[in-house]
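Student: Have a look; sequence and predicted model below, questions after that.
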Amino acid sequence: MKVEIAKLESGLAGYNDDGEVDDLEEIEREHAVKLLELKFHQVTDDIEMIEREIEMVKQMEMLRPA
């Protein structure tokens, strides 16, 4: 209990959905997972954009006079 109070006082802990004190390491893990998910979505969006650009270039090449 003293450790939890010390963490709360130092700002190293937060509350989870159950109202219980979260550990700093758990908070860091959750944050890291969220950052990885964000990066994954950014990379996925970039890949989709590149695929659209490739298709656009292919269509422009087909319209070009031979």
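Tutor: Happy to help now that I have it.
Student: Now F40. Its backbone dihedrals?
Tutor: phi -60, psi -50 (degrees, to the nearest 10).
Student: could you measure it against Q59, distance?
Tutor: 29 Å (C-beta to C-beta, to the nearest Å). (Glycine included, C-beta is placed from N, CA and C.)
Student: now do H41
Tutor: Note on H41: its distance to Q59, by C-beta to C-beta, is 27 Å.
Student: Kindly report the same for A66.
Tutor: From A66 to Q59 the distance is 15 Å (C-beta to C-beta).
Student: ok, these two, which is more surrounded?
Tutor: Q59 (10 against 2; other C-beta atoms under 10 Å).
Student: so which helix or strand takes in R52?
Tutor: Assigned by DSSP states H and E, R52 belongs to helix 24-63.
Student: Output the contacting helices and strands for that helix.
Tutor: Applying 3 or more C-beta pairs under 8 Å, 6 or more residues apart in numbering; DSSP states H and E, we find helix 24-63 packed against no helix or strand.
Student: now that helix: mean pLDDT?
Tutor: Average pLDDT, helix 24-63: 92.
Student: quick one: contacts for K39?
Tutor: For K39, the contact set (C-beta atoms under 8 Å, 6 or more residues apart in numbering) is empty.
Student: For E25, see how far away it is.
Tutor: 21 Å.
Student: swap in V57?
Tutor: Counting by C-beta to C-beta, the gap from V57 to E25 is 48 Å.
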